[in-house]
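> got a predicted structure here, sequence first:
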Amino acid sequence: MFKKSSLVQKLDAVKEYEREPIPAGKFKGWKSFLGTYAGEHTAGTEFVIGPLFVAHGASAVDLVTGLILGNILAVLSWAFLTAKIAVKTRITLYYLLEKIAGNKFTVLYNLVNAGLFCFLAGAMIAVSATAVGIPFDMAMPQLTDIYPNNVGWVVTVFVVGAITTFVAMFGFDQVSKFAMVAAPWMIMVFIAAAVAVLPRLGVTEMGQFWSVAESTIWTGVPLEGQSKFGFWHILFFAWFCNMAMHIGMADLSLLRYARKWQYGFSSATGVFLGHFIAWIASGILYSLFLLESDNSLTFAPGPIAYSAVGLAGALCVVIAGWTTANPTLYRAGLAIQSINPKWKTWKVTLFVGLFTTITACFPALVMMLLEFVALYGLILMPLGAVIFIDVYLMEKIGLKPYYAMATGVQLNWSVALTWGVTLAFCLLLNLMLGVEIFFLGLPGWFVAVLVYIVASKINQKR
């Protein structure tokens, strides 16, 4: 009989406590979460989202005020919603939802959840690929591209996807270590790159920055074919761009390792370094690219960063894509693995990584990132409301928490109804009243809470 290779033995030894609480000896301190959040949110998405704000014509004052307030709301959501429940339960989102909703519902939810995470990770692999392809003079995606436009793009995406998947296969420890090493360097490159190109935009002293920002960078005028973004778009996007992670509770899977719920505030390193400084910095780089390329339709973060600060900018794009794709693939692997606990998490992550890499070949994932991020948060949001009510309110109103586990049912109809009704309500708001996708999460959460309480009362009485 052949012995297992040392690599397979190491992978088999990775234990992620998929169906049991995290033991006290495995709790992690501030540094792990500071590094993970800083690395994940100072990342590839920032090289896309910052420029898209420029393309959508955000004004300078709307951008700054909207980002400050929206990011504060996001940090509060991570701390007071996700982190408190994570340290109270110490289990993954997927196992917790199985206890509440039942096996049949959780299979469907996990497939949807994993698919959405794969698309996000795929977008980040694509972002890294735009930088890796620079030395090979690879044809870059255009703002209007949907499908891959050359073989070199596909090959580059598969190389980047293989490396990203390999890191994610080793579990949370390796994901957090990778982020802790990469994050400090990346934010310095973001800042240095933005400062270095300011003279090319006409800023020769700091007193000139704001006037140039208003007249040249965030002008308030969208590019042709792009919708107009104002203050409320910026605020709600900053708050809800990671709605799946905090209000949707996906980060239960990470924060269950935290010693204290206050570690949820470590998300501030991510949102204020990534979703404030990095979005502003990448917007500056993109405005320079537009100025010097006569409004070129090329939308590739790698060449944009390379044209501004050379090799350091290109490397930053590569690493930035990895630090988002790694934890996202990790979450997707956990979602699929929870369908069948006998599957090895690393093998599931390998399969998920292959699917993700295939999706990364389609540039539309990057070009429509703002809308996709809002959509995937909206789809997962109702289940976060269900978990919040189940953990904190069910016993207080005389109802059974963890209903599926307590009764043995395979499908808790209260949860399924909540998910369906909430998303239908949001769709009606969008189609009939024209409410944009960025604003649907807030009213949708309250609808989910109301529907779940009423449906649970009826269901449990019956």
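Sure, I can see it.
> could I get the contacting residues of the nearest residue to F80 once chain neighbours are set aside?
In space, F80 comes closest to G264 once its chain neighbours are excluded; the distance is 7.4 Å by C-beta to C-beta, 6 or more residues apart in numbering. From N, CA and C alone the C-beta is placed, and that goes for glycine too. Taking C-beta atoms under 8 Å, 6 or more residues apart in numbering, we find G264 in contact with 75, 78-80, 82-84, 86, 255, 258.
> K84 against W261, yeah?
Yes. K84 lies in contact with W261 (C-beta atoms under 8 Å); the separation is 4.6 Å.
> what distance separates the start and the end of stretch 273-281?
Taking C-alpha to C-alpha, to the nearest Å, stretch 273-281 runs 10 Å from one end to the other.
> correct me if wrong: V421 contacts V451.
Yes. Counting by C-beta under 8 Å, V421 does reach V451; the two are 4.9 Å apart.
> quick one: residues contacting V352.
Contacts for V352 (C-beta under 8 Å, 6+ apart) come out as 114, 118, 165, 329, 332-333, 336.
> need these in JSON lines with secondary structure and pLDDT, can you?
Listed next are the contacts of V352 as JSON lines, based on DSSP: H, G, I helix; E, B strand; the rest coil; pLDDT from 0 to 100:
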{"residue": "A114", "secondary structure": "helix", "pLDDT": "83"}
{"residue": "C118", "secondary structure": "helix", "pLDDT": "86"}
{"residue": "T165", "secondary structure": "helix", "pLDDT": "81"}
{"residue": "L329", "secondary structure": "helix", "pLDDT": "78"}
{"residue": "A332", "secondary structure": "helix", "pLDDT": "78"}
{"residue": "G333", "secondary structure": "helix", "pLDDT": "77"}
{"residue": "I336", "secondary structure": "helix", "pLDDT": "79"}
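> closest to P135 among the residues you listed?
Of all the contacts of V352, P135 sits closest to T165, with 22.7 Å by C-beta to C-beta.
> report the contact partners of that closest one.
T165 neighbours (C-beta under 8 Å, 6+ apart): 329, 349-350, 352-354, 356-357.
> if any of the residues you listed are buried, put those into a PyMOL selection.
Selection command for PyMOL covering only the buried members of those, criterion 16 or more other C-beta atoms under 10 Å:
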select buried, resi 329+349+350+352+353+356+357
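> can you list contacts of stretch 77-84?
Taking C-beta under 8 Å, 6+ apart as the rule, stretch 77-84 contacts 239, 245-247, 249, 251-252, 255, 258, 261-265, 267, 384, 388.
> so which of those residues belong to strands?
Counted as lying in strands by DSSP state E, out of the contacts of stretch 77-84, is not a single one.
> please list only the buried members of those.
Among the contacts of stretch 77-84, those buried by neighbour count (16+ other C-beta under 10 Å) are 239, 245-247, 249, 251-252, 255, 258, 261, 263-265, 267, 384, 388.
> of the residues you listed, which pair is most distant in space?
Within the buried ones among the contacts of stretch 77-84, two members stand farthest from each other by C-beta to C-beta: W239 and A258, at 21.8 Å.
> what about the buried ones among the contacts of stretch 77-84, which are in helices?
Among the buried ones among the contacts of stretch 77-84, DSSP state H puts 239, 252, 255, 267, 384, 388 in helices.
> element containing the closest residue to F289 other than its chain neighbours, please.
Among residues not flanking F289 along the chain, I304 sits closest, at 4.8 Å (C-beta to C-beta, 6+ apart). Using DSSP states H and E, I304 falls within helix 301-309.
> helices or strands up against that helix?
If you count contacts as 3 or more C-beta pairs under 8 Å, 6 or more residues apart in numbering; DSSP states H and E, helix 301-309 packs onto helix 46-55, helix 103-132, helix 172-201, helix 279-292, helix 311-337.
> any stretches of the chain with poor pLDDT?
Along the chain, the parts satisfying pLDDT under 70 run over 1-21, 23-25, 39, 44, 143-144, 170-184, 297, 338, 341.
> backbone dihedrals for the residue nearest to the spatial centre of the chain, please?
Geometric centre of the chain, nearest residue: N242, 5.4 Å, by C-alpha atoms, centre = their mean. Dihedral angles of N242 (phi, psi; degrees, to the nearest 10) stand at phi -110, psi 30.
> isn't it right up against G377?
Yes. Contact status for N242 versus G377: in contact at 6.9 Å, counting by C-beta under 8 Å.
> what is the neighbour count of V366?
V366 has 27 neighbouring residues, counting by other C-beta atoms under 10 Å.
> surely it meets G122?
No. Under the criterion of C-beta under 8 Å, V366 is not in contact with G122, lying 9.2 Å apart.
> any idea which helix or strand carries A406?
Assigned by DSSP H and E, A406 belongs to helix 403-407.
> which other helices and strands contact the next helix or strand after that helix?
Counting by DSSP H and E, the element after helix 403-407 in chain order, helix or strand, is helix 413-433. For helix 413-433, the elements it packs on are helix 93-101, helix 103-132, helix 369-392, helix 441-461, judged by 3+ C-beta pairs under 8 Å, 6+ apart.
> which of the residues in helix 413-433 are buried?
Buried residues in helix 413-433 (16+ other C-beta under 10 Å): 413-419, 421-423, 425-426, 429.
> repeat that for stretch 395-415.
Neighbour counts over stretch 395-415 (16+ other C-beta under 10 Å) mark 399, 401-405, 409, 411-415 as buried.
> related to what we said a few turns ago, how about the helices and strands packed on helix 301-309 in a markdown table, adding distance to D62?
What follows is the helices and strands packed on helix 301-309, written out as a markdown table (distance: least, C-beta to C-beta, whole Å):
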| stretch | distance to D62 |
| --- | --- |
| helix 46-55 | 9 |
| helix 103-132 | 25 |
| helix 172-201 | 19 |
| helix 279-292 | 12 |
| helix 311-337 | 25 |
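> tell me which of these lies nearest to I217.
Per C-beta to C-beta, nearest to I217 of the helices and strands packed on helix 301-309: helix 279-292, 4.3 Å.
> Provide the contact partners of the closest one at residue level.
46-51, 53-55, 63-64, 67, 190-191, 193-194, 197-198, 200-201, 216-218, 223, 296, 301, 304-305, 307-308, 313.
> on that earlier part again, quick one: which two of the buried residues of helix 413-433 are the most distant?
Farthest-apart pair in the buried residues of helix 413-433 is W413 and L429; separation 24.1 Å (C-beta to C-beta).
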